[in-house]
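Chemist: Give me the fold of what follows.
(chains A and B)
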2 protein chains.
Amino acid sequence: MTTTTTKTGQPLDRTILDSLLRRRLFFTPAFEIYGGVAGLYDYGPPGCALQANIIDTWRKHFVLEEDMLEVDCTMLTPSVVLETSGHVDKFADWMCKDPKTGEIFRADHLVEEVLESRLKGDKEARGQKVEVDEEKEAKKKRKTKDTKAVKLPDDVVKEYEEILAQIDNYNGEELGMLITKYEIKNPTTGGNVEPPVAFNLMFQTAIGPSSNLAGYLRPETAQGQFLTFQKLLEFNQQSMPFASACIGKSFRNEISPRAGLLRVREFLMAEIEHFVDPEGGKKHPRFHEAKDVKIGLLDRKVQLSGRTEITHMTIGEAVATKTVDSETLGYFIVRIYLFLVRVGADPKKIRFRQHMANEMAHYAADCWDAELLTSYGWIECVGCADRSAYDLTVHSKKTGAPLCVRETRSEPLHIEEWQVDLDKKKFGPKFKKDGKAVEAAVQALSQDLREKLAIDLEKTAKIEVDVPEVGNGKVEIDKTLINIEKRTRVEHTREYTPNVIEPAFGIGRILYSVMEHVYWSREGSEERGVLSFPPPIAPTKVLLVPLSGHQDFKPLVQRMSLKLRQLGISNRVDDSSASIGKRYSRNDELGTPLGITVDFQSVKDNTYTLRDRDSTKQVRSDEDTICAAIKSLVEGQKTWADVQKELPEFTQQEAD
Amino acid sequence: MTTTTTKTGQPLDRTILDSLLRRRLFFTPAFEIYGGVAGLYDYGPPGCALQANIIDTWRKHFVLEEDMLEVDCTMLTPSVVLETSGHVDKFADWMCKDPKTGEIFRADHLVEEVLESRLKGDKEARGQKVEVDEEKEAKKKRKTKDTKAVKLPDDVVKEYEEILAQIDNYNGEELGMLITKYEIKNPTTGGNVEPPVAFNLMFQTAIGPSSNLAGYLRPETAQGQFLTFQKLLEFNQQSMPFASACIGKSFRNEISPRAGLLRVREFLMAEIEHFVDPEGGKKHPRFHEAKDVKIGLLDRKVQLSGRTEITHMTIGEAVATKTVDSETLGYFIVRIYLFLVRVGADPKKIRFRQHMANEMAHYAADCWDAELLTSYGWIECVGCADRSAYDLTVHSKKTGAPLCVRETRSEPLHIEEWQVDLDKKKFGPKFKKDGKAVEAAVQALSQDLREKLAIDLEKTAKIEVDVPEVGNGKVEIDKTLINIEKRTRVEHTREYTPNVIEPAFGIGRILYSVMEHVYWSREGSEERGVLSFPPPIAPTKVLLVPLSGHQDFKPLVQRMSLKLRQLGISNRVDDSSASIGKRYSRNDELGTPLGITVDFQSVKDNTYTLRDRDSTKQVRSDEDTICAAIKSLVEGQKTWADVQKELPEFTQQEAD
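Modeler: Got it, this is the predicted structure:
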């Protein structure tokens, strides 16, 4: 069961927050006047500004700070690329159809829902308290028929619990067996469902007029970056390691999307592909800057033992103890953590959870998810995977294009090896049309075999080599045609396929989780909701409020608004007839961190009060000083505490 | 024929510019290692940064400056929405197939290509000079078979020329007739092509697992904004006029995309929907700020007379003379113009062309395109259309949802009208099951008919009304059942559907055209290309160059780089062993406006030289002064001329 609290420690009521977010148009179901489409949402002005500010912060925090090479790759992707990457075969969920009603269920969700409902009925029958799991409840659209107070045998309860604990681990066949064994039916009608079939989660389309070029909407931004690797390496003047980055929409055709903004069919991602030499332990040159940051970790071992407690340790410790595999992975875990805090996530509600071996994507060698605690439970918001050399290797193999690094060795490498020399002049006439096959077979001989043959050659006049394509598969080569000798080869360059560390951010999930983290209500009153976004992230920075509709205020408001705009600071004027208190309340809900009141004193001496959203404290000063204070607050250089120290407090009460 | 020149007046060689842009990874064909897909391009780091800076400027110039409500709507769109908007029926091009080769041609392009080729052959045969139209040439992928020096009869030449002049005006049937009449064949093989068929330009897909919800990728961002209109109006506290804005990708499945970045299948758009009251001449409250700006216009009348000369006039004049239809349209033409100049378009290469009546989209009432002159000719980069009330009306009609403004009239409206009263008690028993139909027919009577019937009622005992659903279609109503009287009705509120002025920006087209406008080469040497982006738009702002690999320079370079990053200024270090001149040349090609050289003097006294990309002039000062100068240049507050006046010049020659 998940009980989350607001920023100020009150229990979080999601219905109230949700209604606030929709009322203030942070988001809204897409195509609502047409009845809507599950899993598609639009962002209204505050949501859109919030998203733009998160992206802007992301660019500064990662691309600018780490000199990453940002690219913009297309969403339309020809099928062959995603066949190679494995997505056409493997990027699927299991679904079951009720042949009577045509309803479609995600198989694992169906099993989960029905067994949980039976366990609930069992508890009721036993007279035990039924805990409500809000996360699960929210996922249910239907009233389930099964919720009857029926007592189950003790061993069945245990079986159900064991199945639910590992529900993510079953494949389609196994889910089908569970459905048969436990007689799982359509919860609404009680009708039978068909066995699970794989449903690929990619949206398919056809590119070009002849419809013969099958394509998909990308399910991640990564592939475009991999395909451009060689050009990026060149752009980076062949220098390693380096990272590329891409911000853009990706698409997943979820079987039955639920949970609002957390599981949608079209979503904004920001992905980094950090290319690193697999040799030398994947060190990171800036690891020393990160190593002392403490992170809450939930590693694989703890999870295997059935526990979920978070261990707090510095990332230096985590890497030293091999809890986290490499410096580079550790470095990015810290950078991700700092980013999440910077955009407003509550540090107490952030954990990094390591993937179980069987839970990882088909390409991953290791993976840690940054999870944020919300009313839906711990939600994966950033994946940080070591994709090894998987992608570059498969694409290179498929296309023949080199996707690798060639570098001059600082010390040439000396390799002792058995080399084969053939007497080409005699070789051709001897083997005629088989010449090439025999030569290839000889050149393909392993070092061990070469050594053995070299010894043979000292003793005998001819040696025997396997050439499957020729005659009976064995060919004799005369001593005069071949020589095998141990020599030293010097390698001056090294060629390798880089490994990829991939931090992949689901921006919509971060955005939603942050909204939960910064939400609270004043004096516990539901009607006085506040969204305490950090000023650099807040959708609108300043609310301008004239004390009344008096004509003298207008030019001051306009001048201030223009001045702030010229400083690049978004602001809104509210000159409605509502009381100042009401106008501020409205903007507390929008998360506007600062307010300027224009009053009669302003007309006289060009001074203004500046109000802080969170404390509702006010300071007063002249136009330029107020603007400078706002700029430093909005750019994150100062906090309200700093400003309060510098400027005289204004204590007149807000007219409510 | 189009001959364009570079920024400095040299003839522009597109092949050289193109090679520079690809070499420096401004853009690259997507999926190139898989052979590429026509019409899909990726942006590399400089192209991506350029795009981000153009978008950032767009947001400041429009959204922030004009308080627009930015939204982020989904690209996936259910079919019904685009059926209502007319796109499923009408958003198509005509294509012809060669049944032998399977090749597909855009019908109008095919006719154009073949006729032009014949005219060229005719000129050759007549010994006339053949002008090469680069735009047309670039569009051709194939070698055409037709280019033979064959003289045509004079009247045929005239016919061809007339057809080509209006090639955009033919529908599919007409194009088919041209193909038959002029025996137009596949230019490569000479084979017959099939009659033109409509090809819808939208990418289709299926949403959800049951595949029964047909969807498309949006062809424009506009529809999402229209559907959200009512919520946005409420967000704007019912205040009109207001504008929404949306930045995002749109998709068009072009039949045969050519011309590089100018005609692609996936492209970034930025669209504004300005909602305005259709009454009162579509005035704009800030028109006075725009009215004195002079704009180059090519109106419909001039085009109809077969001419293309541009008239320069103030937008105030243009609106006063009704050349431009309304203040609001005129205001946005000016704002678009200022934006284009701000991002680096050459004012001499900007014109606004009015659409011909038959050229406009199915929804438009008037339309002006901002066109930029490039080596491909005048290219439509921004459309500024008056979509009237078309979209809001059709969506409202289809869904029943109100998409309109209700406002209290400042003066109540008094309407004199003929009103009908029915005696309901008698009416029911008399007409029984036909009662409703008769009542509806009576209520639907026009004012004129009501007046006539009122006069009849004074004379006769019964009147006759048309009721098609009942009996013989005529129904008699007794005088005792009905009364018709002239009365005054008072309306306190007014309800209207706003009109929409839509400036729609093709960001990729602007980006490409600007690259052509800012390109030149030093001393006319092709190898010394420069891209003179305005500093706020340039992909990277500062190049940091240590004089040599000397150890003492490293900490200074790092400190400067960090300091600039903290100011939010993107910078790159080039500490390669190339000469300073070479390193600067490389970055001239990337359009980096500023360079800092770290030399031995810097180590001694912490002073640095700052170099201007365009003039290659340098100034020298201490760290803080240099950083402050950079910040004001990059934010567009100062020009290099300003900085040169303030700081001492540094005259030592660049080591080349």
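Chemist: A:Thr408 contacts A:Thr493, correct?
Modeler: Yes - with contact defined as CB atoms under 8 Å, A:Thr408 reaches A:Thr493; the gap is 5.6 Å. Where you see a C-beta, it was placed from the backbone N, CA and C, and this is true even at glycine.
Chemist: what's the longest strand in chain A?
Modeler: Across chain A, the strand with the greatest residue count (assigned by DSSP state E) is strand A:405-422.
Chemist: What residues sit buried inside that strand?
Modeler: Going by neighbour count (16 or more other CB atoms under 10 Å in any protein chain shown), the buried part of strand A:405-422 is A:405, A:418, A:422.
Chemist: okay, these in TSV with pLDDT next?
Modeler: Shown next, in TSV, are these (pLDDT from 0 to 100):
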residue	pLDDT
A:Val405	96
A:Trp418	91
A:Leu422	87
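Chemist: Closest to chain B out of these?
Modeler: A:Val405 (16.2 Å; CB to the nearest CB).
Chemist: residues touching the residue lying farthest from the centre of chain A, list them.
Modeler: Taking CA atoms, centre = their mean as the measure, the residue most remote from the mean C-alpha position of chain A is A:Ala461, 65.3 Å away. Contact partners of A:Ala461, counting by CB atoms under 8 Å, 6 or more residues apart in numbering or on different chains, are A:478-479.
Chemist: any idea how far it lies from chain B?
Modeler: The spacing between A:Ala461 and chain B, counted by CB to the nearest CB, to the nearest Å, is 50 Å.
Chemist: again with A:Gly39
Modeler: Using CB to the nearest CB, A:Gly39 is found at 8 Å from chain B.
Chemist: Pull the number of nearby residues for that residue.
Modeler: A:Gly39 has 26 neighbouring residues, counting by other CB atoms under 10 Å in any protein chain shown.
Chemist: go on, the one 4 residues further on?
Modeler: Residues contacting A:Tyr43 under the criterion other CB under 10 Å number 26.
Chemist: doesn't B:Thr74 make contact with it?
Modeler: No - look at A:Tyr43 against B:Thr74 with CB under 8 Å: they stay out of range, at 9.7 Å.
Chemist: Three-state assignment for the closest residue to A:Val470 other than its chain neighbours, please.
Modeler: Of all residues not flanking A:Val470 in the chain, A:Asp434 sits nearest, at 4.7 Å (CB to CB, 6 or more residues apart in numbering or on different chains). Three-state assignment for A:Asp434 (DSSP: H, G, I helix; E, B strand; the rest coil): helix.
Chemist: pLDDT of stretch A:555-566, averaged?
Modeler: Averaging pLDDT along stretch A:555-566 yields 93.
Chemist: give me the number of residues near A:Glu124?
Modeler: For A:Glu124, the tally of surrounding residues (other CB under 10 Å) stands at 16.
Chemist: Repeat that for the one 5 residues further on.
Modeler: Counted with other CB under 10 Å, the neighbours of A:Lys129 add up to 6.
Chemist: got it, and A:Pro257?
Modeler: Neighbourhood size, A:Pro257 [other CB under 10 Å]: 19.
Chemist: Can you tell me, leaving aside adjacent residues, what's nearest to it?
Modeler: Leaving aside its sequence neighbours, A:Pro257 sits nearest to A:Gly39 (CB to CB, 6+ apart; 3.0 Å).
Chemist: For the one you found, give me the pLDDT.
Modeler: Per the predicted model, pLDDT is 94 at A:Gly39.
Chemist: With A:Thr144 instead?
Modeler: A:Thr144 is assigned 50 on the pLDDT scale.
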